[in-house]
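Enquirer: 3D model of this:
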Amino acid sequence: MITNSIVINCPIDVVFGYAAQFERHPEWQDDLKAATIEAPPAVGVKGTETRQMGPRAHTYDWQVSAFDPPNRIGFETLSGPMRPTGTMTFTAEDGATRVDFQMELNPRGFMKIMAPLINRQVQRATDGHQAKFKQLLESGTS
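Expert: Predicted structure coming up:
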């Protein structure tokens, strides 16, 4: 399981609002080259994302699996050799916001053999993504 917890010195509505703008996720996830969503976020709404993995970019379908403003966002990937599912949980803490991120990669086929290596790489990338998410929010550039 991939996990990350951070405290962002911004109100929960601001933090949740930025996270809920799926098309803006490439601003804080360097390997995410494009993200779309078909409608305003709600459970069952679908989208696509294009991620750079090594020398290639891959596009995957995903959907919102949880949407409870300003407390929780969940997603599940519907295509590809890994089908990540994950949640971001938001908790107000004295004017700041704690964000807890959890994700299961759910590798399929050959990717199961590579899972330990991939988990380590994805954990490092996730830690970087969350740090950039925090930096953008706290600097007011989000």
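
Enquirer: okay, CA-based contacts and neighbour counts for the rest of this
Expert: Noted.

Enquirer: not counting sequence-adjacent ones, nearest residue to Asp127?
Expert: The shortest distance from Asp127 to any non-neighbouring residue, by CA to CA, 6 or more residues apart in numbering, is to Asn4 (6.4 Å).

Enquirer: please apply the same query to Lys46.
Expert: In space, and not counting its chain neighbours, Lys46 is closest to Gln63: 4.1 Å by CA to CA, 6+ apart.

Enquirer: beta partners of that neighbour?
Expert: Lys46, Glu76 (DSSP bridges).

Enquirer: cool, and Asn4?
Expert: Phe101.

Enquirer: which ones are touching it?
Expert: When contacts are counted by CA atoms under 8 Å, 6 or more residues apart in numbering, Asn4 touches Asp100, Phe101, Gln102, Thr126, Asp127, Gln130.

Enquirer: what do you get for Trp62?
Expert: Lys46, Gly47, Thr48, Glu49, Phe75, Glu76, Thr77, Leu78, Ser79.

Enquirer: try it again at 10 Å.
Expert: Applying CA atoms under 10 Å, 6 or more residues apart in numbering to Trp62 gives the contacts 35-37, 44-49, 75-79, 83-85.

Enquirer: what comes up buried for the longest helix seen in the chain?
Expert: For the chain, the helix with the greatest residue count under DSSP state H is helix 111-139. Across helix 111-139, burial judged by 16 or more other CA atoms under 10 Å covers 115, 122-123, 126-137.

Enquirer: again, but for stretch 2-14
Expert: Across stretch 2-14, burial judged by 16+ other CA under 10 Å covers Ile2, Thr3, Asn4, Ser5, Ile6, Val7, Ile8, Asn9, Cys10, Pro11, Ile12.

Enquirer: spatially nearest residue to the second one (excluding sequence neighbours)?
Expert: If you skip the residues right next to it in sequence, Thr3 has Gln102 as its closest partner in space, 4.5 Å away by CA to CA, 6+ apart.

Enquirer: residues contacting the one you found?
Expert: Contacts of Gln102 (CA under 10 Å, 6+ apart): Met1, Ile2, Thr3, Asn4, Ser5, Gly74, Thr85, Gly86, Thr87, Met88, Thr89, Thr126.

Enquirer: tell me how far the first one lies from Leu105.
Expert: For Met1, the distance to Leu105 under the criterion CA to CA, to the nearest Å works out to 7 Å.
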